[in-house]
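Asker: model the structure of this input:
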Amino acid sequence: MRKYLSLLLLIAVSVGMAVNVLVPVGPTVVAFVGLLEKRVDSDVELKIDFWRTLDQVSSQIASKNVDLIVLPVSIGASLYAKGIDVRLAAVTLWSGFYIVTRDFDLTDLKMLSGQEVYTPQGKGQTGDVLIRYFLEQAGLKPDTDVKIRYAAPAEIVSLMSAGKVKIAVLPEPYATLAVKRAQARIAQDLQILWSKYTNLPARIPITGVFVVKNLDETTLRAVLKAIENSLRYSMENKREAAQLSVNYLGGMPAEIIEESLARTLYEYTPASEAMDEVIRYLTVTQQVDPDAMPTLPDEKFFTF
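Answerer: Have a look, this model is predicted:
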């Protein structure tokens, strides 16, 4: 039976039916470098491309040019809430956000009163949602007691290096880059804070792989297995994965990427198993930014 299924997959490949997977430009590529660099096998041909903006995501989905797409979980749920048929297949990134400080000894979130905190990209993004939630839990009002500022993560590290930023929420590998290049320190682990305020495990459903097209079950399972194996490869071969990722991350030093993987958790968890934790995270996102998460997804969102 397995030979028969493999033969069908080979036939599909021979007629140009490669599965199109879209991955964000940035640190997530580390989890896919095993597939990109052929260190991980796949039973079905994959065409992995990259997206930079949410406009690109919407355009690719609308034109039906993509089969699976890797997105922040909150972004995927927001698209689903708008009637776009994307469904979560698995959570792939569970840990990687930290508060880093320079010339500021942060031992309690209440100490952020009167301070500026930089976080990547913009309102409603993962780092923004998390810091706003934690500030509220600590009894502080975001934008009133604490100013939230936005910039690209590389720019935040540059500003910190120049002494213009003291406190930032950064994803890996930029947290490690700030430690090495800006004389910053890891002040708080956001995964630990999440556990403290929610009584959930110290992990956050940050990024996931979403199904856009209705692939046949055999092909879909083969693709998801290849992605799972690629995540495992990066976690079990950190040095090699870091070296292979350099060219995809704008030349970020391999040693920075490798060290950052010690504070990063790529782990494949099927959507059905992660549903409770995802719903809790999206509920917090809705609480912090109702415009970004007008409604929570139903069970169909977690079909896989």
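Asker: kindly state the pLDDT recorded for residue 124?
Answerer: At residue 124, the pLDDT value in this model is 84.
Asker: please read the previous query as pertaining to residue 121.
Answerer: In this model, residue 121 carries a pLDDT of 79.
Asker: so what does it have for phi and psi?
Answerer: phi 70, psi -80 (degrees, to the nearest 10).
Asker: how about it: what's its closest non-neighbour residue?
Answerer: residue 150 (6.3 Å; C-beta to C-beta, 6 or more residues apart in numbering). Any C-beta I mention is one placed from the backbone N, CA and C, and that applies to glycine too.
Asker: what residues sit buried inside the helix or strand hosting the one you found?
Answerer: Counting by DSSP states H and E, the element that carries residue 150 is strand 147-151. Buried residues in strand 147-151, defined by neighbour count with 16 or more other C-beta atoms under 10 Å: 148, 151.
Asker: can you give me how far it is from the chain middle?
Answerer: Relative to the centre of its chain, strand 147-151 is centred 20 Å away, using C-alpha atoms, centre = their mean, to the nearest Å.
Asker: who are the packing partners of the helix or strand following that strand?
Answerer: Once strand 147-151 ends, the next helix or strand along the chain (criterion: DSSP H and E) is helix 153-161. Where contact means 3 or more C-beta pairs under 8 Å, 6 or more residues apart in numbering; DSSP states H and E, helix 153-161 is packed against strand 116-120, strand 167-171, helix 174-181.
Asker: spell out the residue ranges of the strands in the stretch 1-150 of the chain.
Answerer: 19-24, 46-51, 68-72, 87-95, 97-101, 116-120, 147-151 (DSSP state E, counting those that start in this stretch).
Asker: give the pairing partners of the second one; include direction for each.
Answerer: Strand partners for strand 46-51, identified by DSSP bridges, are recorded as strand 19-24 (parallel).
Asker: quick one, the strand it pairs with and strand 68-72 angle?
Answerer: 20 degrees (axes from the mean of the first three to the mean of the last three C-alpha atoms, to 10 degrees).
Asker: that concludes my questions; thank you for your assistance.
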